[in-house]
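**Student:** could you look at this predicted model? Sequence included:
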Amino acid sequence: MIGTDENREIVEWRKTTEDGQTVYVIEYSEPVPEPAGRSKTPFGASSGGTVPARTQYVQLPDGERIPATEAAFDAEGTTLRVRHRPSVLDRIRRYLPW
């Protein structure tokens, strides 16, 4: 869960960098469950099977969007940490001369 619902609100959030990766630390007013993660099938279950998993994204509090396949979540109590982990292909592309 990223965002709010009828029982849970974002109290505070911050964007940091750890080990060269962007991390969002989001504090909620109530305990937050860890998101289920990305779909194992090529189509996302939450979309009714109409949106390919590779085009799903996570929208963060500052409006930044990251591909759902590159998001890692860690929930503890009222804190949700969202880490942006670029795909292996994206990391390789940075080092190629083309």
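**Tutor:** Here it is on my side, so go on.
**Student:** now for the residue lying closest to residue 79 once chain neighbours are set aside: which residues touch it?
**Tutor:** Of all residues not flanking residue 79 in the chain, residue 27 sits nearest, at 5.7 Å (CB to CB, 6 or more residues apart in numbering). Using the backbone N, CA and C atoms, a C-beta is placed for each residue, glycine as well. Listed by CB atoms under 8 Å, 6 or more residues apart in numbering, the contact set of residue 27 reads 10-13, 78-79.
**Student:** from the residues you listed, which is closest to residue 62?
**Tutor:** Closest to residue 62 out of those is residue 13 (8.0 Å), distances taken as CB to CB.
**Student:** which SS class is residue 66?
**Tutor:** Of the three states, residue 66 takes strand under DSSP: H, G, I helix; E, B strand; the rest coil.
**Student:** and it, how many neighbours?
**Tutor:** Here the number of neighbours of residue 66 (other CB atoms under 10 Å) works out to 18.
**Student:** quick check: it touching residue 56?
**Tutor:** No - applying CB atoms under 8 Å as the test, residue 66 and residue 56 come out as separate, 10.4 Å apart.
**Student:** could you list the low-confidence segments of the chain?
**Tutor:** 1-4, 34, 36-54, 87-95, 97-98 (pLDDT under 70).
**Student:** tell me which stretches of it form helices.
**Tutor:** 88-95 (DSSP state H).
**Student:** so residue 32 versus residue 19, what's the distance?
**Tutor:** 23 Å (CB to CB, to the nearest Å).
**Student:** which of these two has more neighbours?
**Tutor:** The neighbour comparison of residue 32 against residue 19 (other CB under 10 Å) goes to residue 32, with 20 against 6.
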